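**Student:** sequence? don't have it. structure:
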């Protein structure tokens, strides 16, 4: 394991999650930011770096009264916040700033001053070559790769239902999860069809909420009240804005490149990973994540689920907060995955993994357009 690159010294989500009709998007950013700063024992004027997506860095900085020396407005969808961690880590190492605040907030359900899912720009590649064929949002865009995946590996839709069932088992252990009721494969398969093969319970929640992180140099980690969590590896990549143009519909090159970079920079192997967070806006994404991150061979992720290796009590705990399918999904999920990784390594998670020392948080942006992977540890 290599030396830490930076430390997460503050982490928190919004005071309320799920349905928050009394807060606008910028207010959710601010609520999460103030909670994370309080967790770190800091105030806004202690911050000199800002990174965010959805809202602009200047909006968040102005709202909080921060005048930063470094900003990052990278916005590539749900994995933007993983990329912010990577970029902030580089910035504090280079001395460009000392304390970085990364914020997320979305009024995904209540739609109070929310930005929403971006519509294809006229003349863009997506508008020219995919929209005319009926793709109008993520459920219709993601159907192409998942159908190829199921066909190639001889699987049926019930494997997608199994992903949702296992996620719900984790959510049942988490008081903050949006839905906690027991779920069966039959119930998932009988839920309303959205876009074949996706039934409603194979699709993510639509909620309000947010989260924030505070990063600083690793040598300052013990100057703060909370147990530090160290950034030891990072990676990022992109492939194509058009899901139809993926080089291989059953595997994401952005996933593979991002993960390989993160593992190499951390100096770890898969055997070192105690806990894994895989972006799950739709039920097929954990299957791709398990395979493209190298935790199993192509086509073998379904077997890992069937053997309950990713479920409570399994050897590879995955999405222990309940994931985007059962915990939270306000539009961009990456921040919530990072928050759960931090909680696990602090030892404060609702469904705590015993002796968790290394956690990997992996996110996707767009329909396999981008990916980012962060390796965190609680020991140096």
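**Tutor:** Yep, it's here. In this text, all values refer to a predicted model and were calculated from it rather than measured experimentally.
**Student:** Tell me who's in contact with the residue lying closest to residue 310 once chain neighbours are set aside.
**Tutor:** Counting by Cβ to Cβ, 6 or more residues apart in numbering, residue 318 is the residue found nearest to residue 310 once chain neighbours are left out, at 3.9 Å. For the C-beta atoms, the positions are set from N, CA and C on the backbone; glycine is no exception. Applying Cβ atoms under 8 Å, 6 or more residues apart in numbering to residue 318 gives the contacts 166, 276-278, 286, 290, 310.
**Student:** Let's see that with 10 Å instead.
**Tutor:** Residues near residue 318 by Cβ atoms under 10 Å, 6 or more residues apart in numbering: 163, 166-167, 170, 275-278, 280, 286, 289-290, 295, 304-305, 309-311, 360.
**Student:** same check, this time on residue 147
**Tutor:** Applying Cβ under 10 Å, 6+ apart, the residues near residue 147 are 157, 196-197, 249, 284.
**Student:** Residue 31 too?
**Tutor:** 12-16, 20, 23, 103, 105, 209-212.
**Student:** That one and residue 306: what is the separation?
**Tutor:** As judged by Cβ to Cβ, to the nearest Å, residue 31 and residue 306 stand 40 Å apart.
**Student:** Spit out the contact partners of residue 370.
**Tutor:** Counted by Cβ under 10 Å, 6+ apart, residue 370 has contacts 74, 76-80, 82-83, 236-241, 252, 254-255, 258, 363-364.
**Student:** Helix, strand, or coil at the residue lying closest to it once chain neighbours are set aside?
**Tutor:** Once flanking residues are discounted, residue 370 sits nearest to residue 76: 4.1 Å by Cβ to Cβ, 6+ apart. At residue 76 the chain is in coil, as set by DSSP: H, G, I helix; E, B strand; the rest coil.
**Student:** Next: the one 10 residues further on.
**Tutor:** Remark: residue 86 carries the secondary structure label helix [criterion: three-state DSSP].
**Student:** my guess is it meets residue 374, correct?
**Tutor:** Yes - the pair residue 86 and residue 374 passes the contact test of Cβ atoms under 10 Å, sitting 6.9 Å apart.
**Student:** Among those two, which residue is more densely surrounded?
**Tutor:** residue 374 (32 against 27; other Cβ atoms under 10 Å).
**Student:** list the contacts for the residue positioned nearest the centre of the chain?
**Tutor:** For the chain, the residue nearest the mean C-alpha position is residue 334 (2.2 Å; Cα atoms, centre = their mean). Residues near residue 334 by Cβ under 10 Å, 6+ apart: 53, 76-85, 104, 211, 277, 279, 324, 361-365, 372, 374.
**Student:** Show me those that map onto strands.
**Tutor:** 104, 211, 277, 361-365, 372, 374 (DSSP state E).
**Student:** For residue 359, name its beta-bridge partners.
**Tutor:** residue 275, residue 376 (DSSP bridges).
**Student:** Burial check on it, number of neighbours?
**Tutor:** 28.
**Student:** what's residue 271 in contact with, if anything?
**Tutor:** residue 358.
**Student:** and it, helix, strand or coil?
**Tutor:** Assigned by three-state DSSP, the conformation of residue 271 is helix.
**Student:** can you pull the pLDDT of it?
**Tutor:** On pLDDT, residue 271 comes in at 98.
**Student:** try residue 116
**Tutor:** Reading off the model, residue 116 has pLDDT 64.
**Student:** follow-up on the earlier one: take the contacts of residue 370 and keep only those in helices.
**Tutor:** Residues of the contacts of residue 370 located in helices (DSSP state H): 80, 82-83, 254-255, 258.
**Student:** which among the residues you listed gets closest to residue 146?
**Tutor:** Ranked by distance to residue 146 (Cβ to Cβ), these are led by residue 255 at 14.5 Å.
**Student:** Around that closest one, how many other residues sit close by?
**Tutor:** Neighbours around residue 255, by other Cβ under 10 Å: 29.
**Student:** check contacts around it.
**Tutor:** Counting by Cβ under 10 Å, 6+ apart, residue 255 has contacts 235, 237, 239, 278-279, 285, 288-289, 291-294, 362-364, 368, 370-373.
**Student:** now do 8 Å
**Tutor:** Here residue 255 is in contact with 237, 288-289, 292-293, 362, 364, 368, 371 (Cβ under 8 Å, 6+ apart).
**Student:** Present those residues as JSON lines; the columns should include pLDDT.
**Tutor:** Formatted as JSON lines, the contacts of residue 255 follow (pLDDT from 0 to 100):
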{"residue": "237", "pLDDT": "98"}
{"residue": "288", "pLDDT": "98"}
{"residue": "289", "pLDDT": "98"}
{"residue": "292", "pLDDT": "98"}
{"residue": "293", "pLDDT": "98"}
{"residue": "362", "pLDDT": "98"}
{"residue": "364", "pLDDT": "98"}
{"residue": "368", "pLDDT": "96"}
{"residue": "371", "pLDDT": "98"}
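**Student:** Residue 342: which of those is nearest?
**Tutor:** Taking the contacts of residue 255 together and measuring to residue 342 by Cβ to Cβ, the closest member is residue 362, at 14.7 Å.
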